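**Q** Starting from these lines, generate the structure:
(chains A, B and C)
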Amino acid sequence: MERLNALEYLKLSKSQALWYNIKLFFSKIPAWIKSLFVKLWITIKNFFLSLKEGALDIKDTFVKGNWAVKLSFVSFGAGNIYYGQVMRGLLFLLFEVIFIVYTFILPTGGIYWIRKVHWLSKGATVGTVQGAMKYNPVTDTYGWVAGDDSVRVLLYGLLSVFFVIAFFVVWRMQIKQCKINMELHGQGRKIKGAKDDLRSLIDEQFHKTLLTPSLLGIIVFTVLPIIYMVIIAFTNYDAEHDGHANLFSWVGFDNFNAFTDFGAGGLGLALGEMVGWTLMWAFFATFTNYFFGMFIAILINKKGIRFKKLWRTILVMTIAVPQFVSLLYVGQLFSQQGVIGAFLERADLLPQVMVAQNQMSLWSNPVSSKILLVVINLWVGVPYMMLSATGILMNIPADLYESSRVDGANSVQQFMKITLPYMLFVTGPSLLTSFVGNLNNFNIIYLLSGGGPTNTEIGTVGGQQLGHTDLLITFLFKVTTGSGSKYYLASVLGIFVFIFVAFLSLIVYNVMPSTKNEEDYS
Amino acid sequence: MKNNNTSLEKKSMSVKTLNAVTNTVIYAFLIVISIVWLIPFIGIVLESLRCESTGQVAYFFPKQIGFDNYVRLFKSDFPKWFLNTLLMGVAVSIFQTGFILSMSYTLSRLRFKGRKTLMNFMLILGMFPGFLTMILIYKVFSDLGLTMEMAPVGLIIVYCASSGMGYYISKGFFDTIPKSLDEAARVDGATRWQVFYKVIMPLSKPIIIYTILMGFMAPWGDYMMARFLIKGNDAGKNVAVGMYDWIKGSGDSLYANYTMFCAAGVCVSIPVTIVFMSLQKYYVEGVTGGAVKG
Amino acid sequence: MASVKLTNVKKIYGKDTVAVQEFNLDIADKEFIVFVGPSGCGKSTTLRMIAGLEEISEGTVEIDGVVVNDLQPRDRDIAMVFQNYALYPHLSVFENMAFPLRLKKTPQDEVYERVTNAAEILGITEYLTRKPRALSGGQRQRVAIGRAMVRDSKVFLMDEPLSNLDAKLRNQMRAEIIMLRKKIDTTFIYVTHDQTEAMTLGDRIVIMKDGFIQQIGTPTQVFDMPLNLFVAEFIGAPKMNTFKTNLINEGGKYYVTPFGAKIEVTGEKAELLAKKNVYAKQIVLGVRPEHITLADENDPAAIACEIQVNEMMGSELHLHVIVKGGDKLIVRIPTVSLTAEQREKLTYGNKMYITFEGKVMHFFDPETEKNLLY
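**A** As a prediction, the model looks like this:
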């Protein structure tokens, strides 16, 4: 579409400008998607280019290197030791020895596990020996003879693969160091010894010291389990195939296909229900909190209102009291026996539709429980928003208000023209964060409604009753912990959550102004 | 001239009265809000003192007041759960603070190769539901004996291990400290480690306290992870799981334990609220700083 | 106390953003060097490379003959004063100044001795127990200088130390730095964007633009013989008037013909032109505002012009005038030389005649912008 220049744009009336901006936004989408793919393509290309460069560099090092450098290609650390970096060299060598012993020499080492996994070949089991009850002629009894445990086989297999990758990374690393040493030596500059290495850990290399514990924790407790669980999505791992008593096997894309099947046996409808409500919930939960919290903050901050601290403290109490206490209690208030629930019933305030279906509490009707969840979420979430809104309100330069008053703005206009745009601008990124937080807001749903009431039209999914208020995350929890423990389902749901969040973040970061021009309001 | 004056006066009068009216409306609104926000807390305290029955009732004010529920509470498993949670709170607040501070400090103030990549990587990693990791972790932990009654130890590890990924708020804080302070210190002869603990740490009291506070509060509210590692073991429960089972447990658990649940709620809330309220200032700084920074 | 030598220093940010290049400079022991240039010219980057706060992409930096490229700032034995002072907010003034000594584990007696000495010199003794936030801008600056002083380091680096101060305080601090220099007597490298600071402080000035050195010289050299048009316009305030005109050679004498006037080139400049065998050509002529004088209407060297703005500065009058053809010039006339009647006439819209002497002109090549006399 036709772009206007700045002066032409200024000629437009308000409605024309709005229409122009809307058109502009949509006309940009194709280019935006294209640029996304271009970026992706460039990243991939750069990756391969860097591989190529690396290969050339390795070749160059080999050609120019002396015997020690050449030796490092098979025996790690030789180049380091030659140039006086004995400690580094020995560590590299030790790594290589351990790798070779573990992978090739140990009978139950790397190769053993990697071969047992039967990576992704559909129909094959993970592990080979099935455990079984067997007759033991010595004791004359039947006893359990353990076979492979698929969970462990897959884990060890995965770790062994990581080890192999690490081997190549270290190989490359020490070759790179050989090259650096060669160059430094050529220029007559000093090559760092063990003492310098250790000293640099609190100075030049301080980031390594600081990051190592955190990164180790993240790799072991997040990266590895997530990769593992993504792989599980391609198996039938559940309580029946728990890996120990009964091996689990590879099923290809069957688990994903089930979710695109909208027929009788498929899970497509169930997924649709969950996704629909998850999005709706996140939307309402985020924006009701946002505006109500801001509203209260503005009221409390209004000039001339007294006891500001008191009002804030009362609200902040809800943050201090652990959520599960207040949520469980408030949830119970609305149950049929609870103070409010019982009152509604006695006073005949329940809607006729519900009474007709014998739904005697707000929690037993899908619509009312959804509304109730949003309302109770207000009670929990507004204080947070009120606090951050207060902080931001105080940061709005007072002269903005003064000059607007001189220009003749009343307080409503001030809110619309100054406060709201400022708040939106500053809190834009945090809106995304809280939206994502609400997508995964397990506590509030699970502690209040437990996902209920049951969705009778869908019935059971993976052995669990799907509820009308089940988010992806609560249902993920249910299929994991419930009887049957459909871990593979949990894994697929988890991947859906990821795709969801990633997609949203991508859009928001590309559209939102405050992620780009950070300076505008400062 | 005179006319003009009086009309202005009138105008200013009407502004005044209008202001008074709006203020009254606002006060009324705030009072209503306060009542709505306080009622659950008052209710919970009243219920915890109710002696005539242990189940849920449809009236607000108890007919018989006493400390029966508290007495029963201290004879139940609750003290054990409370200690479990307290232990976790203390441990998490220490270790998590270490992880978060080192991560956020590094990402904010040190420049090294791969810094941007690392941040993007953690951003993407954070988009997976964290609970997913528990399935494998549970398997491994049950082999290591870190579930059931040892679950508190397992949970401490789970809460702390990946906490470096939650670096955003404190990084936002570190970003506001001028870079030239680091540079001045380095020229003055400090190593980066000395810059960290002699210059930046003393300036970071608010964010350190905020991080400690968050670490302390986390185990009190966690149900999901805790439930999964504890399963049904009474000795290993934290307060959230234990009290949840009183309310939502099978059979007539609700009738037997409802008032005790409220008493437990009061017992849990008091220490946490005291800690929180006394450090509220730092919490507010953290929240607002985080919101501004995104 | 040390010499500093930079050889072919280059700084590249990212892949191809060059901030500094071809930087060669020998700084003698106890010399006061000023890097000056507009923002983004690479002067601060160079200073930070000397300090070790930026990595050196290419070339070497030597302090006292030792290549320091691979050394950390703390191993280079330098002191530095930052533009925003960079005082540690949680430490008192005393501890701020003692900070470098504490890191070296200096005994308390010596710390006390050196800090109080420095404080004495800078006149901040009474603030020693205060925190930085309780000080004014000027006092903070003194503390920052004091912190650098107590180090007794080889080189003293200052990165725009005065730019956060208001004009009056800046003048005062400038004078104090000149006095301070006599007391501490070490090698100074001083970065500023303000040519007045550069001229008044430096033994030698390094003028930079877009990452390249434009000229290195004493204040007199860069003022009297600017190497190119950029230096000529950068040094001196108000800036030098430059305009295109012709240089002609008649009977062995050189003349310039600005705006219809004809002025003979005299003195050293004429000799140099002859020596360089410069013939008639189009040039860019530079004349400093203070070298322009009022002229008689009938003088063949007089240029007619019209006054657009007159700024009464007190001791002198700055006139912005426009000549035939639209060129604008600035003229600076000391007020004492004017009668009240003359002053009256020098106002907006009036015509006047100006001229300048042959020995004050600067000649630049219109293409290369280089000074023709070099």
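
**Q** okay, CA-based contacts and neighbour counts for the rest of this
**A** Fine.

**Q** Give me the nearest residue to residue 102, chain neighbours excluded.
**A** All of this refers to chain A. Using CA to CA, 6 or more residues apart in numbering or on different chains and skipping residues adjacent in sequence, the residue nearest A:Y102 is A:G109, 5.1 Å away.

**Q** That was the other one, I meant chain C.
**A** C:V111 (7.8 Å).

**Q** Now do the contacts for C:L201.
**A** C:32, C:34, C:174, C:178 (CA atoms under 8 Å, 6 or more residues apart in numbering or on different chains).

**Q** quick one: secondary structure of the second one?
**A** Following DSSP: H, G, I helix; E, B strand; the rest coil, we place C:V34 in the strand state.

**Q** Find the residue ranges of chain A scoring beneath the pLDDT cut-off.
**A** Residue ranges of chain A with pLDDT under 70: A:1, A:510-522.

**Q** can you tell me which helix in the chain is longest?
**A** With no chain named, the answer covers chain A. The residue-count maximum for a helix in chain A (DSSP state H) belongs to helix A:14-64.

**Q** actually chain C
**A** helix C:167-184.

**Q** C-alpha coordinates for that one, PDB please?
**A** The C-alpha coordinates for helix C:167-184 follow below in PDB (Å, rounded to 0.1, in the frame of the first residue of the first chain):
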ATOM      1  CA  ALA C 167      30.500  27.300  32.900                       C
ATOM      2  CA  LYS C 168      31.800  29.300  35.900                       C
ATOM      3  CA  LEU C 169      33.000  26.300  37.800                       C
ATOM      4  CA  ARG C 170      34.600  24.900  34.700                       C
ATOM      5  CA  ASN C 171      36.800  28.000  34.300                       C
ATOM      6  CA  GLN C 172      37.800  27.800  38.000                       C
ATOM      7  CA  MET C 173      38.600  24.000  37.900                       C
ATOM      8  CA  ARG C 174      40.500  24.500  34.700                       C
ATOM      9  CA  ALA C 175      42.800  26.900  36.400                       C
ATOM     10  CA  GLU C 176      43.100  24.500  39.300                       C
ATOM     11  CA  ILE C 177      44.100  21.700  37.000                       C
ATOM     12  CA  ILE C 178      46.900  23.900  35.600                       C
ATOM     13  CA  MET C 179      48.100  24.500  39.200                       C
ATOM     14  CA  LEU C 180      47.700  20.900  40.100                       C
ATOM     15  CA  ARG C 181      49.800  19.800  37.300                       C
ATOM     16  CA  LYS C 182      52.700  21.800  38.600                       C
ATOM     17  CA  LYS C 183      52.300  20.000  42.000                       C
ATOM     18  CA  ILE C 184      51.900  16.400  40.800                       C
END
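
**Q** helix or strand right after it?
**A** strand C:187-192 (DSSP states H and E).

**Q** Partner strands of that next one, with direction?
**A** strand C:32-36 (parallel), strand C:155-159 (parallel) (DSSP bridges).

**Q** Include distance to A:N5, mean neighbour count and mean pLDDT when you put these into JSON lines, please.
**A** JSON lines is the format used below for the strands paired with strand C:187-192 (distance: least, CA to CA, whole Å; neighbours: other CA atoms under 10 Å in any protein chain shown; pLDDT from 0 to 100):
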{"stretch": "strand C:32-36", "distance to A:N5": "39", "mean neighbour count": "26", "mean pLDDT": "95"}
{"stretch": "strand C:155-159", "distance to A:N5": "42", "mean neighbour count": "25", "mean pLDDT": "93"}
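
**Q** List the contacts of C:G267.
**A** C:G267 neighbours (CA under 8 Å, 6+ apart): C:358-359.

**Q** what packs against the helix or strand where B:I247 lies?
**A** For B:I247, the element it lies in under DSSP H and E is helix B:239-248. Judged by 3 or more CA pairs under 8 Å, 6 or more residues apart in numbering or on different chains; DSSP states H and E, the packing partners of helix B:239-248 are helix A:323-333, helix B:78-109, helix B:205-221, helix B:253-278.

**Q** With respect to chain C, which of the ones you listed lies nearest?
**A** For these, the distance to chain C is smallest for helix B:205-221, at 10.8 Å, taking CA to the nearest CA.

**Q** any idea which helix or strand comes after that closest one?
**A** helix B:224-230.

**Q** for that following helix, which positions count as buried?
**A** Using 16 or more other CA atoms under 10 Å in any protein chain shown as the test for burial, helix B:224-230 gives B:224-230.

**Q** now stretch A:453-468
**A** Buried, per 16+ other CA under 10 Å, within stretch A:453-468: A:453-455, A:458, A:461-462, A:464-468.

**Q** quick one, phi/psi of C:L373?
**A** phi -90, psi -10 (degrees, to the nearest 10).

**Q** give the contact list for it.
**A** C:269, C:272-273, C:276, C:363.

**Q** ok, back up a step: just the buried residues of the helix holding B:I247, please?
**A** By neighbour count on 16+ other CA under 10 Å, the buried set for helix B:239-248 is B:239-247.

**Q** Likewise for stretch C:142-160?
**A** For stretch C:142-160, the neighbour count (16+ other CA under 10 Å) marks C:142-151, C:153-160 as buried.

**Q** mind listing which of those are in strands?
**A** C:155-159 (DSSP state E).

**Q** Tell me the one of the residues you listed nearest C:G14?
**A** Ranked by distance to C:G14 (CA to CA), those are led by C:D159 at 23.3 Å.

**Q** Which residues does that closest one form beta bridges with?
**A** Bridge pairing for C:D159 (DSSP bridges) gives the partners C:V191.

**Q** how about stretch C:232-244: buried residues?
**A** Buried residues in stretch C:232-244 (16+ other CA under 10 Å): C:232-236, C:239-244.

**Q** Which members of these occur in strands, if any?
**A** C:241-244.

**Q** How far does the longest helix of chain A sit from its chain's centre?
**A** 23 Å (CA atoms, centre = their mean, to the nearest Å).

**Q** does it come close to chain C?
**A** No: using CA under 8 Å from any CA of the partner chain, helix A:14-64 never reaches chain C; the gap is at least 14.0 Å.

**Q** Tell me how far the helix or strand that comes right after that helix lies from the chain's centre.
**A** Moving toward the C-terminus from helix A:14-64, the next helix or strand (DSSP H and E) is helix A:67-72. Offset of helix A:67-72 from its chain centre (CA atoms, centre = their mean): 44 Å.

**Q** Now tell me what touches helix A:67-72 from outside.
**A** For helix A:67-72, the external contacting residues (CA under 8 Å, 6+ apart) are A:61-62, A:78-79, A:82, A:174-175, A:178.

**Q** buried residues in that helix?
**A** For helix A:67-72, by 16+ other CA under 10 Å, it's A:68-70, A:72.

**Q** Stretch B:77-87 now?
**A** B:78, B:80-82, B:84-87.

**Q** So for stretch C:367-374, mean pLDDT?
**A** For stretch C:367-374, the mean pLDDT works out to 88.

**Q** can you pull out the strands in chain A?
**A** Ranges of strands in chain A, per DSSP E, are A:132-136, A:141-145, A:460-461, A:464-465.

**Q** On the three-state scheme, the closest residue to chain A within the stretch 251-374 of chain C is what?
**A** With CA to the nearest CA, the shortest gap between the stretch 251-374 of chain C and chain A falls at C:G326, namely 30.2 Å. Under three-state DSSP, C:G326 falls in the coil class.

**Q** separation between it and chain B?
**A** Using CA to the nearest CA, to the nearest Å, we find C:G326 at a distance of 47 Å from chain B.

**Q** pLDDT below threshold where in the stretch 151-300 of chain C?
**A** Ranges of the stretch 151-300 of chain C meeting pLDDT under 70: none found.

**Q** Can you name the residues of it sitting close to chain B?
**A** C:R151.

**Q** Residue of the stretch 151-300 of chain C nearest chain B, please.
**A** Residue of the stretch 151-300 of chain C nearest chain B, by CA to the nearest CA: C:R151 (8.0 Å).
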